[in-house]
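Engineer: sequence and predicted structure are below.
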Amino acid sequence: MKIFTCKDRLEDIMTCIYDAWAEALKIGHNQIQLKKEPIFQQTMFDEYIHIDGNPSKAEKVIRSIRRNISEEAYLDVYYATLSAEEDALQAIYNFLRAGFAAGGTILRQYSNPHVIKLLEIRRRVSNEAHHFREFARFQSLDSQVYVCHLEPRSDVIMLVGTHFADRMLSEHWMIIDDNRKTACVHPKDGENYLRYLADEEFQTLRKTEEYEDEFTDMWKTFFHAISIKQRENYVCQRNLFPIWKRKHAVEFK
């Protein structure tokens with residue numbers, strides 16, 4: 001078995017699919033597996049092949065999905081590339097095998113396990129992005145730039161950033177993924193873009209959570225003032241706002 005591995009980035013993932021597919025044409029799809037890095041434990045008798053991102057190959061895969069399957073299929077695949085699930089990359093590959101064979105009708109084949117798997121992954125990624133849109137808390141730095149720290153399991157900060165792009169259009173802000181050391185940056189009246197942070201940049205930006213202003217104190221006061229002691233239900237609260245998502249919510253500090 002040949003196992004193709006790559007970093008958890010869209011360009012690397014699409015390149016990995018391209019190279020794995022090319023090899024599968026020689027030895028068969030059943031002899032190919034795809035996994036995201038890091039690989040914590042390698043199997044003894046399999047060959048591991050690391051793939052680096054290639055813009056040309058990645059664009060060919062994306063163009064082929066859009067042309068030969070559908071735009072909706074590419075959107076499903078894109079959401080799956082953001083997933084932190086261990087088998088997400090293999091699920092994409094299995095779906096594309098079925099999709100390129102069936103064309104645009106593949107998304108209506110609800111009994112196909114590869115279609116079901118991909119749609120389930122997309123739903124979980126979409127739900128996580130929706131949760132963090134609600135849980136995002138911005139810190140104001142001298143009323144010049146707003147910074148939000150998140151630690152999502154899936155790579156959803158660009159999805160979260162899209163939500164705020166038209167709500168905070170005339171502000172400088174950034175949403176930082178502390179797990180991946182990446183940032184969705186929005187310049188005033190500009191377009192969002194993804195930035196991979198160097199270690200020094202990340203350590204500097206981590207200190208932004210130490211800043212507090214009058215609005216932070218007002219939000220904490222509001223949060224506690226509206227609570228009703230007799231109706232406290234911590235089990236329900238944890239279901240709606242899980243503890244692992246509260247790390248950067250100022251009202252719980």
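Structural biologist: Arrived safely, thanks for sending.
Engineer: same for the helix or strand hosting Leu34, what does it pack against?
Structural biologist: Assigned by DSSP states H and E, Leu34 belongs to strand 32-36. If you count contacts as 3 or more C-beta pairs under 8 Å, 6 or more residues apart in numbering; DSSP states H and E, strand 32-36 packs onto strand 2-6, helix 10-27, helix 88-102. Glycine gets a C-beta too; all of them are placed from N, C-alpha and C.
Engineer: redo the ones you listed as CSV? Include distance to Glu47.
Structural biologist: Converted to CSV, the helices and strands packed on strand 32-36 look like this (distance: least, C-beta to C-beta, whole Å):
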stretch, distance to Glu47
strand 2-6, 5
helix 10-27, 10
helix 88-102, 16
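Engineer: switch these over to TSV; also include mean neighbour count and mean pLDDT.
Structural biologist: Compiled in TSV, the helices and strands packed on strand 32-36 are given as follows (neighbours: other C-beta atoms under 10 Å; pLDDT from 0 to 100):
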stretch	mean neighbour count	mean pLDDT
strand 2-6	20	95
helix 10-27	19	96
helix 88-102	20	96
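Engineer: what pLDDT does Leu82 get?
Structural biologist: Looking at Leu82, its pLDDT is 96.
Engineer: how many residues are close by it?
Structural biologist: As a burial measure, Leu82 scores 23 neighbours (other C-beta atoms under 10 Å).
Engineer: contacting residues around it?
Structural biologist: With contacts taken as C-beta atoms under 8 Å, 6 or more residues apart in numbering, Leu82 has the following neighbours: 125, 154-156, 159.
Engineer: quick one: low-confidence parts of this structure?
Structural biologist: Along the chain, the parts satisfying pLDDT under 70 run over 213.
Engineer: one step back: alpha carbons only: can I get the strand holding Leu34 in CSV?
Structural biologist: Only the C-alpha atoms of strand 32-36 are listed here, as CSV (Å, rounded to 0.1, in the frame of the first residue of the first chain):
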residue,chain,number,x,y,z
ILE,A,32,-3.6,4.0,-2.5
GLN,A,33,-4.4,5.8,0.7
LEU,A,34,-4.2,9.5,1.6
LYS,A,35,-3.7,11.0,5.0
LYS,A,36,-3.0,14.5,6.5
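Engineer: sheet partners, orientation included, of it?
Structural biologist: strand 2-6 (parallel) (DSSP bridges).
Engineer: quick one: the partner strand to helix 10-27, angle?
Structural biologist: Per axes from the mean of the first three to the mean of the last three C-alpha atoms, to 10 degrees, the angle that strand 2-6 makes with helix 10-27 is 170 degrees.
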